[in-house]
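Peer 1: Let me see the structure of the following:
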Amino acid sequence: MREGQELVKNMEFLVKELEKEWEQSGVTKAKVVLEVDDIAEVNEVISRKISKTQESIENDTMTFTQNMHLVKENYILLRLLKKIVKKEEKAMNIGVDYEISIAMDKEELKLYKTMFEPRIEE
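Peer 2: Residues are numbered from 1 along each chain as shown. Below is the predicted model of the structure:
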């Protein structure tokens, strides 16, 4: 019994450490340009994807590995959504009304490409 409890504590610790790591962006791979008019739609699509993934995570029919993959994906999507919202707020504060540029690491860019056709800044 004690060994099982120790295993659970160790797994919880490892998951918390992974979550801390997943909250941080890596090295910028590309900058994606978003038109200000498209930001609300992009935010909505990403938010729906997060919700859908969360529902899948809460489904008990997945393996631990599948579950962890989806948790990581959600952290990446949340990280991306935060970046977009922050850039949008900054753009509104300085009066930019055309487009913004979002720096993305390779994980963020990969997920973004599954949902949109990015316009990469050169």
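Peer 1: now the strands for this protein?
Peer 2: Along the chain, the segments classed as strands by DSSP state E run 28-35, 99-105, 119-120.
Peer 1: Return the list of strands paired to the first one, each annotated with direction.
Peer 2: The reference is to strand 28-35. strand 99-105 (antiparallel), strand 119-120 (antiparallel) (DSSP bridges).
Peer 1: and L18, what does it touch?
Peer 2: Residues in contact with L18 (C-beta atoms under 8 Å, 6 or more residues apart in numbering) are M68, V71, K72. (Each C-beta comes from the backbone N, C-alpha and C, glycine too.)
Peer 1: for V27, that is, sorry about that
Peer 2: Contacts of V27 (C-beta under 8 Å, 6+ apart): D105, K106.
Peer 1: could you redo the last one with a cut-off of 10 Å?
Peer 2: Neighbour list for V27: A103, D105, K106 [criterion: C-beta atoms under 10 Å, 6 or more residues apart in numbering].
Peer 1: confidence score at it?
Peer 2: Per-residue confidence (pLDDT) for V27: 92.
Peer 1: And it, how far from R79?
Peer 2: To R79, V27 is 14 Å away according to C-beta to C-beta, to the nearest Å.
Peer 1: Point to the residue nearest the middle of this structure.
Peer 2: Geometric centre of the chain, nearest residue: L77, 1.6 Å, by C-alpha atoms, centre = their mean.
Peer 1: Quick check: pLDDT value at the residue lying closest to that residue once chain neighbours are set aside.
Peer 2: Nearest-residue entry for L77: I50, 5.0 Å, with adjacent residues in sequence omitted and distances by C-beta to C-beta, 6 or more residues apart in numbering. What the model reports for I50 is a pLDDT of 94.
Peer 1: Could you measure from I50 over to S25?
Peer 2: Here the criterion is C-beta to C-beta. By it, I50 lies 17 Å from S25.
Peer 1: one step back: show me which of the contacts of L18 are buried.
Peer 2: Buried subset of these (neighbour count, 16 or more other C-beta atoms under 10 Å): V71.
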